[in-house]
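J.: next come a sequence and a model predicted from it.
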Amino acid sequence: MERVKRYERMKQDFTATDGQIIGLEGKLRDLNAEYEPLADEVLKLEILEDPRAEKRKKELQEMRERRPELKNEVEEAKKKRQIMVGILNEYRDAARDEINGHYMKLFEERIKVFAKKLKEAEELEAELVKFRKEARLALRKRIDASESLCKIPTWPEVLLPAMKNGQMGETRQFVKFLASNTNIKID
């Protein structure tokens, strides 16, 4: 299932990109929060002609340069994320089709066997019902015995509903339903 794996990899990349955006935005927020106090401190140190003023001024300059770079990194990551959304949707559709195709193939193979066995079971049940009816009839007509003496038990028919006026049996209805809803040719 290569398409599913490709989707999963892209989903991981997408999640990582989200994390990267959050991290970059956090850094930018921190940088902005530090900038104003540092600018004030540099001014104060310059006024006081403190020797540390040059070092702090350099830090302030680095911060000024870093802010636009960080903003650009955030914007690029957001653009990347936006593009990934479209790709991720395409990959999801392809993965969905691959999964459906894989499991539909397995389903088709087994449903044919299932439908065949259902039909066989229905035929066997019909035979059992026929034997029961014949045994009762033979008891009554051939030896004048009561039908209640028949050793073949009566049971609620499982697959053979009371079919009157050419009604379709439950098994046949089920098989017909499967064939019409799945486009599977069931013999």
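T.: Nice, I can see it. Residues are numbered from 1 along each chain as shown.
J.: any idea how many residues pack against Met104?
T.: As a burial measure, Met104 scores 14 neighbours (other Cβ atoms under 10 Å). For the C-beta atoms, the positions are set from N, CA and C on the backbone; glycine is no exception.
J.: can you check Pro68 too?
T.: 9.
J.: quickly find the element holding it.
T.: Remark: Pro68 resides in helix 53-143, with elements defined by DSSP states H and E.
J.: what pLDDT, on average, does that helix get?
T.: What helix 53-143 shows for mean pLDDT is 90.
J.: middle-most residue in this structure, spatially?
T.: Arg96 (7.6 Å; Cα atoms, centre = their mean).
J.: any idea how far that residue lies from Ile83?
T.: 21 Å (Cβ to Cβ, to the nearest Å).
J.: ok, the residue lying closest to Lys185 once chain neighbours are set aside - how many residues close by?
T.: Among residues not flanking Lys185 along the chain, Ala179 sits closest, at 7.0 Å (Cβ to Cβ, 6 or more residues apart in numbering). Around Ala179 there are 15 other residues, counting by other Cβ under 10 Å.
J.: am I right that Ala179 is in contact with Gln173?
T.: No: applying Cβ atoms under 8 Å, one finds Ala179 not in contact with Gln173, separated by 10.9 Å.
J.: helix/strand/coil for Ile184?
T.: The three-state assignment at Ile184 reads coil, by DSSP: H, G, I helix; E, B strand; the rest coil.
J.: spatially nearest residue to it, not counting backbone neighbours?
T.: That would be Glu108: by Cβ to Cβ, 6+ apart, it lies 5.1 Å from Ile184.
J.: any idea which helix or strand carries the residue nearest to Lys185?
T.: helix 170-182.
J.: next, the angle from that helix to helix 53-143.
T.: For helix 170-182 against helix 53-143, the angle by axes from the mean of the first three to the mean of the last three Cα atoms, to 10 degrees is 150 degrees.
J.: what is the mean pLDDT for helix 170-182?
T.: When pLDDT is averaged over helix 170-182, the result is 71.
J.: what helices or strands is it leaning on?
T.: Helix 170-182 is packed against helix 53-143, with contacts defined by 3 or more Cβ pairs under 8 Å, 6 or more residues apart in numbering; DSSP states H and E.
J.: and the residue nearest to Ile184, how far from Leu31?
T.: Glu108 is 60 Å from Leu31, by Cβ to Cβ.
J.: circling back: ok, the residue nearest to Lys185 to Arg110 distance?
T.: 15 Å.
J.: that's all I had, so thanks and see you.
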